[in-house]
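A.B. asks: Provided below are the primary sequence and the corresponding predicted coordinates.
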Amino acid sequence: MTRTRARWSFAREPVETVERETVRMEDVCVYSPSTTERARTALPRLASTWRGTISIAVLANVSDPREVMGIAKSLGDVEGDRNRVVVTVVEDLPEFGAGARFPVNYLRNVAKAKCVDELNATYVLVHDVDFEVFTTPGFLADVRRVLTPGARRALVVPAFELHTVWSKRLNVKRDEILRARLSEKRHGLNGSFQNYYDVDALVDDLDASSSPMRLFEMLVKRDQTSRRGDDVDARTLNLTLPYSTKEKLRRLVFERRLASGFQTKYWSVAHGPTNYTAFWEDDTAGTYRVFDRANDRHPWYFEPYVVLRVDELIDFDESFVAYGFNKIAWITELAAIGFEFYSTRNAWVVHTNTHRTRATARLKGDDLAKCRAHPASSTDFRLARIGHSCIPAFLRRLECAYGFSVAANVSFNSVEVQNDVRFRLESDDNIVCFAGCLTDLEDATRTPSAVTIRGGRFVDVAPGSDARRRKRGLCQRFDNLLKQE
């Protein structure tokens, strides 16, 4: 296979220093989409290590009060100040295909809005719920120094993954510690905790014709005035993990070989441009430039986890569903707008779960066979066939809205990948798997109902609507900042 040299730049010049207001951890909100399963297993771990605020949007069956109450109960279980955690339970509509067309980017937009409206965040970290976030004391200084108003910068947080078998063993032990602490806490509440989430007792107060949404509205009113029995317990469990400090992570990567840069062996183009070598350098500046909007082409498939200012935040394109390219598209649009990407040496995210992807879990039968048999398919049909169904229409939008094109603005890590993209752009007939895309020929989905829970308390109920959500126009821009120029 012939490879071309990717034009990635790793300039080490520091960002200019200007006196600014203090940034606190509670000013930075992590937001993620999630399934019910992932929220229940991963959220307690995330909350036990991340000290900022958290917003998760979970797709669930809101017509089942027990499922929603179970989510509320698990949220009430998290360590530390529960009020810093918001979960929005979003109705699983029939058009989402029982997860086959998981509305990943719609959920991201819902979670993002709660960071702003409910948690009053100034900055957000775009995140996936099965990653944990760790920082050093220099992280907030990096945020303050790099993300200045109007600068159009994104701060990359390097991503790592743990060895699968070792990670499973570690998670079992860790979850045992969390459950033991939780059991001890509940034991001292004399049943008041369990009664707070007793669905059967709550349903008895409703007449037969009432809907679950009516129950949730009652809970919102209840939680405006009542106090849960363990609200006074806001202690934080400080778990000492083998990757919770940079020095421990370094040993795990270079000595024990139980961790590595995320997907660096499997699909290095996704996070390779982060430049892990520069991350490990001892540099007092704390940050380094990944690539420059003026001098470098955007690396294709780059999908880092980044911190942005709320007032420069753009929506995710909701035409991407299920698996593939949904976050890559968002990062590519930031590049099209003109954002520069810097990386911090004072924070990192670690992937500790081993859930199957939504693509392999949901795509079956003839659809799966077609994806694998596609003439341009790679050995990993998920990356080549699913989310990529949206790529041609997405790239046409970027060129129309921002003048950003593959030919002029994108760098490919290999001729094989470049030819694969061009093959798709030649004709929509070259795309077989539309599982990851809401195409321009389809109706947009309805707006689902949603229940917002903060710290285990019900705070809002938003009814759904049969009106179709507005689809993105051909030349529609997502940046409010550039519209004003």
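C.D. replies: Alright, I've got the coordinates. Numbering: from 1, shown residues only.

A.B. asks: for the stretch 301-450 of the chain, what are the low-confidence residue spans?
C.D. replies: 323, 353-389, 424, 427-442 (pLDDT under 70).

A.B. asks: how about the helices in it?
C.D. replies: 326-337, 358-362, 365-373, 381-385, 391-402, 406-409, 415-426 (DSSP state H, counting those that start in this stretch).

A.B. asks: do the stretch 1-150 of the chain as well
C.D. replies: With DSSP H, counting those that start in this stretch as the criterion, the stretch 1-150 of the chain has helices spanning 36-49, 65-76, 104-117, 139-146.

A.B. asks: For the longest helix anywhere in the chain, enumerate the helices and strands it packs against.
C.D. replies: Using DSSP state H, we find that the single longest helix of the chain is helix 164-187. Applying 3 or more CB pairs under 8 Å, 6 or more residues apart in numbering; DSSP states H and E, we find helix 164-187 packed against helix 36-49. The C-beta positions use only the backbone N, C-alpha and C, and glycine is treated the same way.

A.B. asks: How about the helix it packs on, which residues are buried there?
C.D. replies: 36, 38-49 (16 or more other CB atoms under 10 Å).

A.B. asks: From the contact counts, what lies against that helix?
C.D. replies: So helix 36-49, by 3+ CB pairs under 8 Å, 6+ apart, packs with strand 28-35, strand 53-60, helix 65-76, strand 85-91, strand 131-135, helix 164-187.

A.B. asks: Those: which one's closest to Arg101?
C.D. replies: strand 53-60 (10.7 Å; CB to CB).

A.B. asks: ok, back up a step: can you tell me which of the buried residues of helix 36-49 is closest to Thr287?
C.D. replies: Using CB to CB, the buried residues of helix 36-49 come closest to Thr287 at Thr49, 22.0 Å.

A.B. asks: Skip the chain neighbours and tell me the closest residue to the closest one.
C.D. replies: Glu132 (5.0 Å; CB to CB, 6 or more residues apart in numbering).

A.B. asks: what number of residues lie near that neighbour?
C.D. replies: Number of residues near Glu132 (other CB atoms under 10 Å) recorded here: 24.

A.B. asks: about what we covered before: off-centre distance for the longest helix of the chain?
C.D. replies: Distance, stretch centre to chain centre, for helix 164-187: 24 Å (CA atoms, centre = their mean, to the nearest Å).

A.B. asks: now swap in stretch 253-270 and tell me
C.D. replies: Here stretch 253-270 is found 20 Å from its chain centre; the criterion is CA atoms, centre = their mean.

A.B. asks: who touches that stretch?
C.D. replies: Stretch 253-270 has contacts (CB atoms under 8 Å, 6 or more residues apart in numbering) with 158-163, 166, 242-243, 249, 252, 271-272, 274, 276, 299-303, 328, 350-351, 380, 383, 413, 417.

A.B. asks: which of those residues count as buried?
C.D. replies: Buried, going by 16+ other CB under 10 Å: 158-162, 242-243, 249, 252, 271-272, 274, 276, 299-303, 328, 350-351, 383, 413, 417, out of the contacts of stretch 253-270.

A.B. asks: Show me the residues you listed that map onto strands.
C.D. replies: 159-162, 299, 350-351 (DSSP state E).

A.B. asks: Now for those residues: which two are most distant?
C.D. replies: Leu162 and Pro299 (25.0 Å).

A.B. asks: Tell me, how many residues neighbour Asp282?
C.D. replies: 5.

A.B. asks: where does it land in three-state SS?
C.D. replies: For Asp282, the secondary-structure state derived from DSSP: H, G, I helix; E, B strand; the rest coil is coil.

A.B. asks: List the contacts of Ala57.
C.D. replies: So Ala57 contacts 31-34, 87-88, 90, 107-108, 110-111, 114 (CB under 8 Å, 6+ apart).

A.B. asks: Measure how buried Arg82 is and give me the count.
C.D. replies: Neighbours of Arg82 (other CB under 10 Å): 21.

A.B. asks: where's the nearest residue to it once chain neighbours are set aside relative to Ala393, distance?
C.D. replies: Leaving aside its sequence neighbours, Arg82 sits nearest to Gly455 (CB to CB, 6+ apart; 3.5 Å). To Ala393, Gly455 is 40 Å away according to CB to CB, to the nearest Å.

A.B. asks: Ends of stretch 126-142, what's the gap?
C.D. replies: Stretch 126-142 stretches 17 Å from its first residue to its last (CA to CA, to the nearest Å).

A.B. asks: In it, which residues are buried?
C.D. replies: By 16+ other CB under 10 Å, the buried positions in stretch 126-142 come out as 126-136, 138-142.

A.B. asks: Give me the below-cutoff pLDDT ranges for the stretch 51-200 of the chain.
C.D. replies: Applying pLDDT under 70 to the stretch 51-200 of the chain flags residues 98-100, 181-200.

A.B. asks: again, only this time at 50
C.D. replies: Counting by pLDDT under 50, the ranges of the stretch 51-200 of the chain that qualify are 191-193.

A.B. asks: Please enumerate the strands of the stretch 201-350 of the chain.
C.D. replies: 259-261, 287-291, 298-299, 305-309, 340-344, 347-351 (DSSP state E, counting those that start in this stretch).

A.B. asks: Out of those, which gets nearest to Ala72?
C.D. replies: strand 347-351 (26.3 Å).

A.B. asks: Extract the CA atoms of the closest one and return them as CSV.
C.D. replies: Taking C-alpha atoms only, strand 347-351 is exported to CSV below (Å, rounded to 0.1, in the frame of the first residue of the first chain):
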residue,chain,number,x,y,z
ALA,A,347,-5.6,16.5,31.1
TRP,A,348,-6.4,13.2,29.5
VAL,A,349,-9.4,10.9,29.0
VAL,A,350,-9.2,7.1,29.5
HIS,A,351,-11.5,4.5,27.9
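
A.B. asks: thinking again about what came up before, contacting residues for the residue nearest to Thr49?
C.D. replies: 45-46, 49-50, 349-350, 352 are the contacts of Glu132 under CB under 8 Å, 6+ apart.

A.B. asks: quick one: which of those is nearest Ser63?
C.D. replies: Nearest to Ser63 among the contacts of Glu132, with distances taken as CB to CB, is Leu46, at 27.5 Å.

A.B. asks: count of residues packed around Asp315?
C.D. replies: For Asp315, using other CB under 10 Å, the count is 17.
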